[in-house]
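> Predicted structure and sequence below. I'll ask about it afterward.
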Amino acid sequence: MTATSRSDVYYDPYDFEIDTDPYPIWKRLRDEVPLYYNDKYDFYAVSRFNDVERCLLDVETYRCGRGTVLELIRANIEFPPGNILFEDPPLHDVHRGLMSRVFTPKKMNAIEPKVREFCARSLDPLVGAGGFDFVGYLLGIPEEDQVAIREQIDEGLRLEEGQAPDMKQAFEQAYQMFADYIDWRAEHPSDDLMTQLLTIEFEDEHGVTRRLTRTEVLTYTNMLAAAGNETTTKLIGWTGKVLAEHPDQRRGIARNRSLIPQAIEELLRYEAPSPVQSRYVARDIEVHGQTVPEGSVMVLLNGSGNRDERHFPDGDRFDIHRRIDHHLSFGYGLHFCLGAALARLEGRVVLDEVIQRFPEWEVDWDNAVQARTSTVRGWEKLPVFTSLSSRPD
C-alpha cells in the first residue's frame, strides 16, 4: 500500500499553481494523507503540527548533514564545514556554539537602532509619494553593493516551473560572491559580523583552539546572508500583503503599536517565510502505520503545521490577538533558527516604522510579483498604494 492510496490529493513543491496558495492542498494532506508520498520526485511528506515537530526533534532519524532542501539532498553535495543548517552533531554543536557567541541578545539589541535608522532613512522620502514597495547593515558589506547581492541570492534560488534548480551551480556562485568581501573586510575590520567571524577564537571538534579558516568564514557569511535575506525579506512582504487584506487589524495596530510583537508572531505563523524543510531519513521509521525506509527524503511542511487546526483552532484565520505557545516557522529543537530573535526584531521595527508613516495601504496587484523558490515563499515585488489619489482609475 502506498502513502497516497487513500486519496487523489497531489502536492508538488515545484508547481507554481500550487505554490500560489498551497493551503487547501496542505489541509487535504493533513486530513486525508498525513503521511504523503510523491512518486515523481520520490519523497515523503508530513503536514500535521505534531508530526512536523516530532521529526524536527528526532535528529537521529531525520538528518541535516546532506542538506535541508529536497534538491540539495538529491544532489548529494559535500558541504564545507561551517553551515550549521546542513550539519549534524557533534560538528553542528561546535559551530552552533560559535555562532551563538555572535548572536547574543546584547548584540541583537544593539542592532535595533541601526535597523530603525535604516528604515527611517528609506521610508521618509516616500511620505507623500503615494506608495512604495514593501520588498545591510548586518554583515559589513558596503551598502552600495547590498541590493546587487540580494538580487543574486534571489536569482540562485529562483525556480523554473516544474523543474528542480541546479543547486551545485547556485552554491558555487554564492561562495564566489562573498570571497572578495571577506578579503576586503580582513583589511578593513569593523564592528560587524564578518569581522567577528574573522577574529573569533573557539575550540573545534578536535579540541584545538583556533580561528576560522577563510573557507569557514566564507561558508558562515554565505549562510547568514542567504538565510537572513530570504526569510526576513519574505516576512516583510507578507506583512504588507496580509495587513492590507485585514484593514481592521492593521488599524488596530496603528492605534496601539504595543500589539506589534504579537502581530509579527501571528504573521510568522500564518505565512511562514520558509514553509518547507527536508531531511534525510537515516533509518527505517514507522509513520502513521507505514514504514519510511532508510535513505528516503522526508519533507516537513511546517507552513502546513502552522495552520493545523488540531493545534491552532481555526488555523486558516489571521488573528493578531491569537494566543500562540509556539509555531514552527523557525523550526524546533536542536536546529531552531539561531537568527529568530533578529528576524523578529527586524519584522517588528519595519512594521512599527511603516505604520507610523502609512497607517493605510492597499496592494497594487497589477504590479505585484510572487517569488518562486522551493524553500522560501513570498513576494519578489509588493508595491502598495498609500493614498487613494495614487490608485489608477
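Ah, there it is. Residues are numbered from 1 along each chain as shown.

> my guess is Tyr280 contacts Tyr62, does it?
Yes. Between Tyr280 and Tyr62 a contact is recorded at 7.4 Å, counting by C-beta atoms under 8 Å. Any C-beta I mention is one placed from the backbone N, CA and C, and that applies to glycine too.

> Quick check on the two: which one has the bigger neighbour count.
Taking Tyr280 and Tyr62 together and counting by other C-beta atoms under 10 Å, Tyr62 has the greater number of neighbours (25 against 20).

> Quickly list what the closest residue in space to the more buried one that isn't next to it in sequence is bridged to.
Once flanking residues are discounted, Tyr62 sits nearest to Arg279: 3.6 Å by C-beta to C-beta, 6 or more residues apart in numbering. Beta-bridge partners for Arg279, by DSSP bridges, are Met298.

> was I right about Arg279 contacting Gly295?
No. The pair Arg279 / Gly295 is not scored as a contact, 12.0 Å apart, by C-beta under 8 Å.

> and the gap between Pro125 and His327?
35 Å (C-beta to C-beta, to the nearest Å).

> okay, Arg279 and Gly295: which has more neighbours?
Neighbour comparison, Arg279 and Gly295: the larger count goes to Arg279, with 26 against 10 (by other C-beta under 10 Å).

> Next, please give the residue ranges for the strands of the protein.
35-38, 43-46, 62-63, 131-133, 201-203, 209-211, 277-281, 285-287, 290-292, 297-300, 362-363, 369-370, 379-381, 383-385 (DSSP state E).

> worst average pLDDT in those?
Mean pLDDT across the strands of the chain is lowest at strand 201-203; the value there is a mean of 86.

> Relative to the whole chain's centre, how far out is that strand?
Computed by C-alpha atoms, centre = their mean, to the nearest Å, the chain-centroid distance of strand 201-203 equals 28 Å.

> That one - which strands sit beside it in the sheet, and in what orientation?
Paired neighbours of strand 201-203 in the sheet (DSSP bridges): strand 209-211 (antiparallel).

> outside of the partner strand, which residues touch it?
Counting by C-beta atoms under 8 Å, 6 or more residues apart in numbering, the neighbours of strand 209-211 from elsewhere in the structure are 198-204.

> How about stretch 273-280?
Where contact means C-beta under 8 Å, 6+ apart, the residues beyond stretch 273-280 that reach it are 13, 22, 43, 55-56, 62-70, 72-73, 230-232, 234-235, 238, 295-304, 306, 329, 331, 374-378.

> Report pLDDT for the closest residue in space to Glu60 that isn't next to it in sequence.
The spatial neighbour of Glu60 that comes closest, neighbours along the chain excluded (C-beta to C-beta, 6+ apart), is Ala282 at 6.9 Å. The pLDDT attached to Ala282 in the predicted structure is 98.
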